[in-house]
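> sharing a model prediction with you, sequence too.
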Amino acid sequence: MADSNRLMSLDGRLARAVNVTTSSVSYILIKAGTLTYGDGSRNSYIQIFQAIPDHAGSWRVWDVLDDEAVDEIVAELEQGSYEWYGEQLELAWLEGDEEISIRRQIGWLDMT
């Protein structure tokens, strides 16, 4: 099971993500916790949502959930990068008014 302190320090964080190849900007939101299975076993998970603005002023949102490579993903995020389906993203963690503004635009105000 992943180091819960490191994992939970990312829970609810929002970052601007810049694709290093295309320079396109998206936003990622991290959700993390522990899954409890029917047999009582537990496993850490990390879920990453990516929101990309479209030309109509809306957002396209995808997510991925991982419960196997959690430690590796946490280490990558802590270094300020993430590989999203073969695309390398450089991250800048948002805070304060900028974070609230982006959450409001995407509809993520309740996802903290």
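Structure's in. What do you need? Here the structure is a predicted model, which is why all the values come from computation and not from measurement.
> residue 65 and residue 96, how far apart?
Counting by C-beta to C-beta, to the nearest Å, the gap from residue 65 to residue 96 is 28 Å. Using the backbone N, CA and C atoms, a C-beta is placed for each residue, glycine as well.
> looking at these two, which is more packed in?
Here residue 65 and residue 96 are compared on neighbour count by other C-beta atoms under 10 Å; more neighbours surround residue 65, at 11 against 7.
> what strand or helix carries the more buried one?
Secondary structure here is read from DSSP states H and E; on that basis residue 65 sits in strand 59-66.
> any idea how far that strand is from the chain center?
9 Å (C-alpha atoms, centre = their mean, to the nearest Å).
> and it, what other elements does it pack with?
Counting contacts by 3 or more C-beta pairs under 8 Å, 6 or more residues apart in numbering; DSSP states H and E, strand 59-66 is packed against strand 42-53, helix 96-106.
> pick the most buried one from those.
Scoring the helices and strands packed on strand 59-66 by mean neighbour count under mean count of other C-beta atoms under 10 Å gives strand 42-53 as the most buried, with a mean of 17.
> pLDDT weak spots in this structure?
Residues of the chain meeting the criterion pLDDT under 70: 1-2.
> surely residue 81 touches residue 91?
Yes: proximity of residue 81 to residue 91 meets the contact threshold set by C-beta atoms under 8 Å, at 6.1 Å.
> neighbour count for these two, which is higher?
Under the neighbour definition other C-beta under 10 Å, residue 81 and residue 91 were set side by side, and residue 91 has more, 21 against 13.
> that one looks like it's in a strand, true?
Yes: with DSSP: H, G, I helix; E, B strand; the rest coil as the criterion, residue 91 is part of a strand.
> who's in contact with it?
Residues near residue 91 by C-beta atoms under 8 Å, 6 or more residues apart in numbering: 15, 16, 17, 28, 77, 80, 81, 82.
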